[in-house]
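In: Have a look at this prediction, sequence included:
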Amino acid sequence: MENSKFELTADLIEIMETQTYNKGFKKREFVVETSGKYPQKILFQTVQDKVDMLDSFSIGDTISISFDIKGREWKDRYFN
């Protein structure tokens, strides 16, 4: 299966605190807002060694994000 790479440029509007789980798994979420006629607020998540990348950004910065989308089916429901 081939991963789909996407890129998005948007304004950073929120950065959450890093969350640490069992066995040292870490994640950190952030929200960006797109521009245009119908702006969208989109939640992204970084994990493990990528969580510290967000420390170099401030709320209001315009950032470029490169991301993969992965989907799956579970009990006749679909998730991204």
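Out: That came in fine, so what should we check first? This one's a predicted model, so the numbers in the text were calculated from it and none came from an experiment. Numbering: from 1, shown residues only.

In: alpha carbons only for contacts and neighbour counts from here, please
Out: Noted.

In: For this protein, give me the ranges with low pLDDT.
Out: By pLDDT under 70, the weakly predicted segments of the chain are 1-3.

In: and the residue nearest to the spatial centre of the chain, helix, strand or coil?
Out: The chain has residue 44 as the residue nearest its centroid, 1.7 Å off, counting by CA atoms, centre = their mean. Assigned with DSSP: H, G, I helix; E, B strand; the rest coil, residue 44 falls in the strand class.

In: and it, what does it touch?
Out: With contacts defined as CA atoms under 8 Å, 6 or more residues apart in numbering, residue 44 is in contact with 29, 30, 31, 32.

In: ranking those by neighbours, who comes first?
Out: When neighbours are counted by other CA atoms under 10 Å, residue 32 leads the contacts of residue 44 with 25 neighbours.

In: biggest strand in the chain by residues?
Out: Assignment by DSSP state E gives strand 4-15 as the longest strand of the chain.

In: And the strands in the chain?
Out: Secondary structure of the chain (DSSP E): strands located at 4-15, 19-20, 26-33, 41-47, 62-69, 72-74, 77-79.

In: Distance to residue 55 added to these, as a markdown table?
Out: Shown next, in a markdown table, are these (distance: least, CA to CA, whole Å):
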| stretch | distance to residue 55 |
| --- | --- |
| strand 4-15 | 9 |
| strand 19-20 | 14 |
| strand 26-33 | 11 |
| strand 41-47 | 12 |
| strand 62-69 | 13 |
| strand 72-74 | 31 |
| strand 77-79 | 29 |
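
In: ranking those by burial, who's on top?
Out: strand 26-33 (a mean of 19; mean count of other CA atoms under 10 Å).

In: How far away from the center of its chain is that one?
Out: Here the centre of strand 26-33 is set off from its chain's centre by 5 Å, with CA atoms, centre = their mean, to the nearest Å.

In: now stretch 7-15
Out: Between the centre of stretch 7-15 and the centre of its host chain there is 9 Å, according to CA atoms, centre = their mean.

In: if we can go back for a sec, from the contacts of residue 44, pick the one nearest residue 10.
Out: Closest approach to residue 10 among these (CA to CA): residue 32, at 5.8 Å.
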